[in-house]
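[1] Need a 3D model of the following:
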Amino acid sequence: MRHLRRLVLWDFARASWQYDVVVGLILVFIFAIPRDWFRDQPRASTLVLMASQRGGNQVFIATDLLEAVPEKERSRRAESLIHERTGKNWHVVRVEPIRDEQAQEIKGFIAYTARTN
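    Model (predicted):
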């Protein structure tokens with residue numbers, strides 16, 4: 001029990017073999033364990049401020065956030081998404097889809113906004 005307590009509290013003299021073993025175990029844990037065990041995979045942002053010009057902004061919105069929304073309601077939904085994610089109250093003037101080169105598949109949306117006070 002005493003050895004377990006010393007291991008948990010890391011009560012070893014520096015440069016001792018026990019200290020080196022614990023450091024080695026920590027390094028093995030850090031570099032040998034796959035990232036997906038911790039569900040720590042990088043994800044692309046679904047809402048990105050792209051540009052600001054003359055009091056307005058362009059915001060990229062991922063496809064899955066607006067694709068199922070009817071076209072007439074996209075501006076309102078885009079406003080609520082921007083407010084939820086950033087806390088900013090921007091009025092969305094229009095939302096345009098970004099299409100692939102063959103103009104078939106929607107790759108995302110650009111929301112053009114105007115700042116409101």
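[2] Longest helix in this structure, please.
    helix 17-32 (DSSP state H).
[3] average model confidence for that one?
    In this model, helix 17-32 carries a mean pLDDT of 90.
[4] all strands of the protein, in order?
    Along the chain, the stretches classed as strands by DSSP state E are 47-53, 56-61, 90-99, 106-115.
[5] List of residues touching the shortest one?
    The set of residues external to strand 56-61 that reach it, using CB atoms under 8 Å, 6 or more residues apart in numbering, is 46-52, 78, 81-82, 90, 93, 95, 98, 108-115. Where you see a C-beta, it was placed from the backbone N, CA and C, and this is true even at glycine.
[6] What angle do strand 47-53 and that strand make with each other?
    With axes from the mean of the first three to the mean of the last three CA atoms, to 10 degrees as the basis, strand 56-61 and strand 47-53 are set at 160 degrees to each other.
[7] Which residues in strand 56-61 does the neighbour count mark as buried?
    57, 59, 60, 61 (16 or more other CB atoms under 10 Å).
[8] repeat for stretch 6-15
    For stretch 6-15, the neighbour count (16+ other CB under 10 Å) marks residue 12 as buried.
[9] ok, back up a step: may I have the longest helix of the chain exported as CSV, CA atoms only?
    The C-alpha coordinates for helix 17-32 follow below in CSV (Å, rounded to 0.1, in the frame of the first residue of the first chain):
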residue,chain,number,x,y,z
TRP,A,17,15.1,5.0,-11.1
GLN,A,18,11.5,5.1,-9.8
TYR,A,19,11.2,8.7,-11.0
ASP,A,20,12.5,7.8,-14.4
VAL,A,21,10.0,4.9,-14.7
VAL,A,22,7.0,7.1,-13.8
VAL,A,23,8.1,9.7,-16.4
GLY,A,24,8.6,7.0,-19.0
LEU,A,25,5.1,5.6,-18.3
ILE,A,26,3.6,9.1,-18.7
LEU,A,27,5.4,9.6,-22.0
VAL,A,28,4.2,6.2,-23.2
PHE,A,29,0.7,7.1,-22.3
ILE,A,30,0.9,10.5,-24.1
PHE,A,31,2.4,9.2,-27.3
ALA,A,32,1.0,5.6,-27.6
